[in-house]
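Novice: Attaching a predicted model along with its sequence, questions to come.
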Amino acid sequence: MIGQLVAEKVGHALDEGLKVIACIGELLAEREAGKTTDVVFRQTQAIAAQVKDWSRVVLAYEPVWAIGTGVTATPAQAQEVHKQLREWVKTNVSAEVADNLRIIYGGSVTGGNAKELAQEADVDGFLVGGASLKPEFVQIVNAKV
Ligand SMILES: O=C[C@H](O)COP(=O)(O)O
C-alpha cells in the first residue's frame, strides 16, 4: 500500500537524521465519496507509527486533486482537514505535539490565494510547487505577515 511505503520512507529518513515534510492527501474520487477523513487519518496513522521525535516532522496536507492542477482547496476545505488532523494528533499522540506540529498546505498555492488560506487557524504554512518559481512567491512567503 502506498501510504505504508511512504510511512516507511519517513521512518528511514528520520532514522538517518533527516527532517521530514510528510505529505498526505486524498484523491478526487475519495473526496467525492466522502472518504477524505478516513484517507488522511489512515495515512497519518501509518506515519505516526514511524515517528519518535515529532520536532523533526512537518505534516503537509496535499490533496492530490490540487497538486499542479490550478484547482486549490478552498480555505474552508483546507482548514477542515487541518483541524481534523490536529485533533487526530492530539488524541493519538499528545496535546503538546498537536500544539507544536506545523501542518502546512500544498496544492496550487499562488500569490493570489495564499493570504486567504493563511488566515485559517490550522494552516501553518505552505508547500509550494509551481509558484515557487515565479515572482509571486514573495507574496506566499509573506502571506502570514
Ligand atoms: O511540491 C509541491 C506540491 O506538490 C504542490 O505543487 P503545486 O504548488 O505546483 O500545486
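Specialist: Perfect, thanks for sending it.

Novice: Strands of this protein, residue ranges please.
Specialist: With DSSP state E as the criterion, the chain has strands at 20-24, 57-61, 103-106, 126-127.

Novice: Please list the residues of the protein that sit near the ligand.
Specialist: Within the chain, the positions lying close to the ligand (Cβ under 6 Å from any ligand atom) are E62, I67, G68, G106, G107, S108, V109, L127, V128, G129, G130, A131. All C-beta atoms are positioned from the backbone trio N, CA, C, and that covers glycine.

Novice: Can you give me every residue that contacts the second one?
Specialist: I take that to be I67. G25, G106, G107, S108, G129 (Cβ atoms under 8 Å, 6 or more residues apart in numbering).

Novice: which residues pair with the second one across the strands?
Specialist: Using DSSP bridges, the bridge partners assigned to G106 are L127.

Novice: V58 is in contact with that one, correct?
Specialist: No: counting by Cβ atoms under 8 Å, G106 stays clear of V58, with 10.8 Å between them.

Novice: neighbouring contacts of stretch 30-43?
Specialist: 3, 6-7, 24-27, 61, 63, 65, 81, 84-85, 88.

Novice: the helices in this structure, which residues?
Specialist: For the chain, helices defined by DSSP state H occupy the ranges 2-15, 28-32, 36-48, 75-92, 95-100, 114-118, 137-141.

Novice: Neighbours of Q45, how many?
Specialist: 13 (other Cβ atoms under 10 Å).

Novice: any idea how far the nearest residue to it once chain neighbours are set aside is from E16?
Specialist: Excluding its sequence neighbours, the residue lying closest to Q45 (Cβ to Cβ, 6 or more residues apart in numbering) is N92, at 7.2 Å. As judged by Cβ to Cβ, to the nearest Å, N92 and E16 stand 25 Å apart.
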